[in-house]
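Undergrad: coords please:
(chains A and B)
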Amino acid sequence: MKRIWWEQIKGVIRLELKKTFFAKRGLWIYAVALMPVMIFIAYSIVNSTQIHRSASIARRGEKALTYQDLQAVKNGMVKEEVISRLGKAPVVFHWNEHVGSGSDRHVVTHDEYHYSDGANDLYVSLVDGRVANVRLDDGYNMGRDSIMFAGVFQFFFLRLAVFFGCLGIFMNLFRGEVLDRSLHFYFLAPVRREVLVAGKFIAGLLATSVIFVSSELLQHVAFLWHLSPAVRDLYLYHNHGLENALAYLGVTVLACVGYGAFFLVAGMLFKNPIIPTAVILVWEWIDPFLPALLKQFSVIYYLKALCPVNIPVPPGMPPLLAMLISNSDPVSAPLAITGLLVVAAIALYASSLQVRRMEINYTTE
Amino acid sequence: MNDRIILEDVSKFYGDILGVNRVNLSIPPGITSLVGPNGSGKTTLMNVITGLIRPTRGRVEVLGYKTNDPENLFKIVGYSTQFDAFPKGLTGLQFIYSYLRLTGMDANQAQQLAARAIERVNLAEAAHRVIAGYSKGMRQRIRLAQALAHNPKVLILDEPLNGLDPLARAEMIALFRSAAADGCYVIISSHILHEVDVISDQVILMSNGYVVAEGAIQSVRNEISEHPTQILIRCNRPRELAAKVLASDHASEISIHKDERGLLLKTRSADDFYLALNKIALDGIEIESVAPADDDVLSVYEYLIGSEEVVR
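TA: Numbers count the residues shown, from 1 in each chain, chains lettered A, B, ... in the order given. Alright, predicted model coming up:
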């Protein structure tokens, strides 16, 4: 690459970043990027409250209980048996129920016991002094939460937040300038049109990467914030947590590359952004149902293959929904990265052809 | 030819609407004015010359550069458009500086040239203000500064005097003259004829997308044979002079001024008349001044297009 091209690209980036980061019409992108962060903050608050509550109940119990103690309680046991195993319940709800009428009228006693081992909660329902129902709520489960994080990442963050964020930024790189009637500023400079495309694409990529990688980082912080340092270390350094976090960041950047390239060319080819957006959105969502060859022209096909945590299909899920979740035809990571970059390169090539044909029609005459 | 701006059989259609049609031009250095009423195709022609729009047909070259090669074209071309939109949030200085950085200049050089360009258009005091707060005239001047900033060989200026006060107009006209004197190609469009009449080395008259005449204003005038040239003479004995001119058969019509200090005559051969006048003047008539009365752009335009289209 000529040195002057790189200088010109830097010039374009300087102008575009200022516009992109501080544009009023782009504020919604920050909101979209922050939504998953808010989800995980809310989740952390709920989880943290739950953990504190469980710990408090465990402390108030007569005995220090284990998970096995909690599992030992079965239906049909009598109250005394429960108390002898677990001690007096730290939280008790008691009420009487009057049933029948006339001479048949009698009182049924109800007791609800709540035990905890500090992490897991046991709810025991007793009717007339006998266990009628047992519910054991597992406390914090890192494996389950990792899958939940993967679900939010794949189905909300990638397919909606990053998708629409890239739409808002990349689609406006040229289309927005045409609407603002300011594209002539670039077209009057001694800059190759292809260099202009490269500069604008890199600027868009930097902007979306900064916004969505920051969002992804904050999501991890929010996701792990409520955990104790020991659990956090266990997750990050012994359960691939750090590797997964880095993989998610990489996938986020690649999503910006892929969707960015698509929306850049769409912004040049179409006056109305709704049509290409709808087409690309539908194309991305029906990816699991596409033939193998066509799948290779969707961004999500490669991104799914790069996501570090696979989402298991819950039993009993309808087959169509199960296909959306499962990654039935995964490609290897190197192939996925190469494939996505090739697809983006094709889109950028189309952009460079289109930009050479672009005209500015002044209507002042 | 690498020393001209060449347009060969250039046409531009916007769908069914004609922009310009069959334009053939060879524009030399100096100040060239594109004159015509609104909608005559001036801006379209300028946009075609600068590659902002592609001609439907024909070939355009600017000093040997193709218009689909902006990387090289805009090293030698500066274009001040009529378009009143700027990148958001920039001050005047930042606007010019950013433009110069796009050319690949380093920061120091861009800073110096930007400051100089802003001084040349007398906007130094407003250089650090955001363009959105500029008046119409200031925005016109900042566009001129952008066109001038990288010292281009070709300056294309679309209605550059619009929105300027008389003092600023005079300053800008001096600037254009100075650029032309330095060997630049200055192309100015205007729909106000007297505005460019005094500064143009050549004019291109446009109407409805066609070039109806081009060249130095006098030579254009001389080509319009159906309209005799009008000459205004101030002298001490106009009636006597009128009789002698009529006798010499060089004038088709003569009218005496009301103040009895001059006459207006029409002739189909101005050169022959001027030779004859030299002889007549030897007979003791004191001639104060002799000046063509209708070789200005306005008259030429009226003759070519018809007075209904002329904007004064």
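Undergrad: What segments of chain B are helices?
TA: B:42-49, B:70-76, B:92-102, B:107-120, B:136-148, B:166-181, B:193-197, B:217-223, B:238-247, B:270-281, B:297-305 (DSSP state H).
Undergrad: Reformat the ones you listed into CSV and put distance to residue A:139 and mean neighbour count next to each item.
TA: Placement of C-beta: from N, CA and C, glycine included. Converted to CSV, these look like this (distance: least, CB to CB, whole Å; neighbours: other CB atoms under 10 Å in any protein chain shown):
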stretch, distance to residue A:139, mean neighbour count
helix B:42-49, 70, 27
helix B:70-76, 65, 21
helix B:92-102, 57, 25
helix B:107-120, 59, 17
helix B:136-148, 66, 22
helix B:166-181, 77, 16
helix B:193-197, 84, 20
helix B:217-223, 93, 17
helix B:238-247, 116, 17
helix B:270-281, 107, 15
helix B:297-305, 90, 21
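Undergrad: among those, which is nearest residue A:37?
TA: Closest approach to residue A:37 among these (CB to CB): helix B:92-102, 33.9 Å.
Undergrad: Let me know whether stretch A:345-363 sits next to chain B.
TA: Yes. Using CB under 8 Å from any CB of the partner chain, stretch A:345-363 comes into contact with chain B via A:356-357, A:359-362.
Undergrad: Give me the average confidence score over that stretch.
TA: Averaging pLDDT along stretch A:345-363 yields 87.
Undergrad: How about stretch B:126-142?
TA: Mean predicted confidence for stretch B:126-142 is 93.
Undergrad: Next, the distance between the ends of it.
TA: 10 Å (CA to CA, to the nearest Å).
Undergrad: Give me the distance from that stretch to the chain's centre.
TA: 25 Å (CA atoms, centre = their mean, to the nearest Å).
Undergrad: List the neighbours of that stretch that are in contact with it.
TA: The contact list for stretch B:126-142, computed with CB atoms under 8 Å, 6 or more residues apart in numbering or on different chains, reads B:84, B:86, B:88-93, B:95-96, B:115, B:118, B:121-123, B:160-165, B:168, B:172.
Undergrad: May I see the helices of chain B arranged in JSON lines, with distance to residue A:129 as well?
TA: Below are the helices of chain B laid out as JSON lines (distance: least, CB to CB, whole Å):
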{"stretch": "helix B:42-49", "distance to residue A:129": "93"}
{"stretch": "helix B:70-76", "distance to residue A:129": "90"}
{"stretch": "helix B:92-102", "distance to residue A:129": "83"}
{"stretch": "helix B:107-120", "distance to residue A:129": "86"}
{"stretch": "helix B:136-148", "distance to residue A:129": "89"}
{"stretch": "helix B:166-181", "distance to residue A:129": "100"}
{"stretch": "helix B:193-197", "distance to residue A:129": "107"}
{"stretch": "helix B:217-223", "distance to residue A:129": "117"}
{"stretch": "helix B:238-247", "distance to residue A:129": "138"}
{"stretch": "helix B:270-281", "distance to residue A:129": "130"}
{"stretch": "helix B:297-305", "distance to residue A:129": "111"}
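Undergrad: So which of the residues of stretch A:345-363 next to chain B wins on neighbours?
TA: residue A:360 (19 neighbours; other CB atoms under 10 Å in any protein chain shown).
Undergrad: now the residue lying closest to that residue once chain neighbours are set aside: how far from residue A:192?
TA: Of all residues not flanking residue A:360 in the chain, residue B:52 sits nearest, at 4.6 Å (CB to CB, 6 or more residues apart in numbering or on different chains). Residue B:52 is 15 Å from residue A:192, where distance means CB to CB, to the nearest Å.
Undergrad: Pairing partners for residue B:202 in the sheet, please.
TA: On the basis of DSSP bridges, residue B:202 is bridged to residue B:32.
Undergrad: actually residue B:65, sorry about that
TA: residue B:62.
Undergrad: That one touches residue B:73, doesn't it?
TA: Yes. Taking CB atoms under 8 Å as the definition, residue B:65 is a contact partner of residue B:73 at 4.7 Å.
Undergrad: got the contact list for residue A:57?
TA: A:90-91, A:114-116, A:121.
Undergrad: Counting neighbours, what do you get for residue 291?
TA: Using chain A. 7.
Undergrad: my bad, chain B
TA: 10.
Undergrad: of residue B:52 and residue A:192, who's got more company?
TA: Taking other CB under 10 Å, residue B:52 and residue A:192 do not tie; residue B:52 has more neighbours (24 against 19).
Undergrad: can you pull the contacts of that one?
TA: Counted by CB under 8 Å, 6+ apart, residue B:52 has contacts A:184, A:187-188, A:359-360, A:362, B:79.
Undergrad: What of residue A:281?
TA: residue A:163.
Undergrad: Tell me the buried residues in the helix or strand containing it?
TA: Assigned by DSSP states H and E, residue A:281 belongs to helix A:274-285. Buried residues in helix A:274-285, defined by neighbour count with 16 or more other CB atoms under 10 Å in any protein chain shown: A:276-277, A:280, A:283-284.
Undergrad: what does stretch A:83-101 give?
TA: Buried-residue list, stretch A:83-101, by 16+ other CB under 10 Å: A:86, A:89-91.
Undergrad: With only the CA atoms kept, save that stretch in PDB.
TA: What follows is stretch A:83-101, C-alpha atoms only, in PDB (Å, rounded to 0.1, in the frame of the first residue of the first chain):
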ATOM      1  CA  ILE A  83     -36.300 -32.000  62.100                       C
ATOM      2  CA  SER A  84     -34.000 -34.800  63.400                       C
ATOM      3  CA  ARG A  85     -32.100 -34.800  60.100                       C
ATOM      4  CA  LEU A  86     -32.000 -31.100  59.400                       C
ATOM      5  CA  GLY A  87     -32.800 -29.500  62.700                       C
ATOM      6  CA  LYS A  88     -35.400 -26.900  63.400                       C
ATOM      7  CA  ALA A  89     -36.200 -25.000  60.200                       C
ATOM      8  CA  PRO A  90     -34.800 -21.400  60.300                       C
ATOM      9  CA  VAL A  91     -37.800 -20.200  58.300                       C
ATOM     10  CA  VAL A  92     -41.300 -21.600  59.000                       C
ATOM     11  CA  PHE A  93     -44.700 -20.700  57.700                       C
ATOM     12  CA  HIS A  94     -47.600 -22.300  59.400                       C
ATOM     13  CA  TRP A  95     -51.300 -22.100  58.800                       C
ATOM     14  CA  ASN A  96     -54.500 -24.100  59.400                       C
ATOM     15  CA  GLU A  97     -57.000 -25.000  56.800                       C
ATOM     16  CA  HIS A  98     -60.600 -25.800  57.700                       C
ATOM     17  CA  VAL A  99     -62.100 -28.500  55.400                       C
ATOM     18  CA  GLY A 100     -65.500 -30.300  55.200                       C
ATOM     19  CA  SER A 101     -68.700 -29.200  56.900                       C
END
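Undergrad: quick one: that stretch to chain centroid distance?
TA: Distance, centroid of stretch A:83-101 to centroid of chain: 43 Å (CA atoms, centre = their mean).
Undergrad: same check, this time on stretch A:191-201
TA: For stretch A:191-201 - counting by CA atoms, centre = their mean - the centre lies 32 Å from the chain centre.
Undergrad: For it, give me every contacting residue.
TA: Contacts of stretch A:191-201 (CB under 8 Å, 6+ apart): A:5, A:8-13, A:16, A:170, A:173-174, A:186-187, A:260-261, A:264, A:348, A:351-352, A:355-356, A:358, B:70-71, B:74, B:102-103.
Undergrad: Any stretches of the stretch 201-312 of chain B with poor pLDDT?
TA: Applying pLDDT under 70 to the stretch 201-312 of chain B flags residues B:218, B:220-226, B:295-300, B:303-312.
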